[in-house]
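> based on what follows, work out the 3D shape:
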Amino acid sequence: MRALAFAIRNVRDHFRIAAVSVLVAYGLVGFARAQTDCADGNGVLDNVPLKGMTTQELIQKFASQESKVKEVRSHYTYTQDVLIQTLNGTAVDGQFHEITKVSYDDKGKRLETVSFSEVSTLRDVQISANDMDDVRVFMPWILSADQLPDYKITYAGQQHVDDLDTYVFHVEPVKEEKDRRYFQGRVWVDSRDLQVVKLCGKSVPEQIRRKKKDPIEVRPTFVGYRQLTDGYWFPAYARVDDTLRFGVQSIHLREIVKFKDYKRREPSAAAVSKP
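Sure, this is the predicted structure:
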């Protein structure tokens, strides 16, 4: 189905924020151009070689930390807030808004409960399964150690991002296997905590249009940010602002996804009593 492009105006205070104002978070203010800004908040990229460790050693270290983030996050509940809009000039002419409570059972299975869903007024686009995969999997993507064999990870240098010093890596799949999707783009790893704090890229591959009558699907580029929560960098929000071209048709779409209200969940009685 037709893919969706996602957007919000630039917000400088991405890290260590407790909340974002409603007007900014939902993109209800003006913006200059329809292009996801992955460089927002970045300093000059310094491609100085690593000192004291090899690139592979650093990758192994931060992937190990990411595995901890993934495991710890599965013990939390949180709210997933998705707003998608189409625009005609600067005016919103279509919208979809859904709020979901997300949790995990004692075996790590994801559970979702929709708490709010308005009637969609989107007309020129449809929300595909891949769009929802972007929201659930790739916008809050966590590069755990078990995924390392699937990716080619290249050290790009060091960069100051907002108030953090980071290592920067290019990430792309080693190969694309049938019926699997991957992240492709760039990640920023905090130099102190060795956890991803920012990512920018897209999910691949693009959906293949097998028949002429099939809808065109285009994967948008998104930028995602994390927030320090109980000592771990958890996904906090993601945004996209793009004009996507479906053949001769151009559609300006934007989205803001928030992952908020993290709360540590209590294990079930069965899990506690299990010997």
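
> just checking, next helix/strand downstream of the helix ranked longest in the chain?
For the chain, the longest helix by residue count, based on DSSP state H, is helix 55-73. The C-terminal neighbour of helix 55-73 among helices and strands, as given by DSSP states H and E, is strand 76-88.

> who are the packing partners of that following strand?
Packing contacts for strand 76-88, counted by 3 or more CB pairs under 8 Å, 6 or more residues apart in numbering; DSSP states H and E, involve strand 91-104, strand 249-264. No exception for glycine: its C-beta is placed from N, CA and C like everyone else's.

> quick one: the longest helix of the chain to strand 91-104, angle?
Angle of helix 55-73 versus strand 91-104, following axes from the mean of the first three to the mean of the last three CA atoms, to 10 degrees, is 80 degrees.

> most tightly packed of the helices and strands packed on strand 76-88?
Ranked by mean neighbour count under mean count of other CB atoms under 10 Å, these are led by strand 249-264, which reaches a mean of 19.

> show me what that one is packed up against.
Using 3+ CB pairs under 8 Å, 6+ apart: strand 249-264 touches strand 76-88, strand 232-246.

> just to revisit the earlier point, looking at the helices and strands packed on strand 76-88, spot the one closest to Phe62.
The closest of the helices and strands packed on strand 76-88 to Phe62 is strand 249-264. By CB to CB, the value is 20.4 Å.

> quickly run through the sheet partners of that closest one, with directions.
Strand 249-264 pairs in its sheet with strand 76-88 (antiparallel), strand 232-246 (antiparallel), by DSSP bridges.

> show the contacting residues for Ser117.
His97, Glu98, Ile99 (CB atoms under 8 Å, 6 or more residues apart in numbering).

> now it. Its backbone dihedrals?
phi -150, psi 110 (degrees, to the nearest 10).

> what sits up against stretch 162-171?
12-16, 41, 45, 50, 58-59, 62, 143, 151-160, 183-192, 197-198, 201.

> ok, the residue positioned nearest the centre of the chain - contacts?
For the chain, Met139 is the residue whose C-alpha lies nearest the centre (CA atoms, centre = their mean; 1.5 Å). The contact partners of Met139, by CB under 8 Å, 6+ apart, come to Phe222, Gly224, Pro235, Ala238, Val257.

> what's the pLDDT at the first one?
I take that to be Phe222. Note on Phe222: pLDDT of 95.

> my read: it touches Lys198, true?
No. Between Phe222 and Lys198 there is no contact under CB atoms under 8 Å: 11.4 Å.

> may I see the helices and strands packed on strand 76-88 organised as a markdown table, with distance to Asp81 and mean pLDDT added?
Putting the helices and strands packed on strand 76-88 into a markdown table (distance: least, CB to CB, whole Å; pLDDT from 0 to 100) gives the following:
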| stretch | distance to Asp81 | mean pLDDT |
| --- | --- | --- |
| strand 91-104 | 5 | 96 |
| strand 249-264 | 4 | 93 |
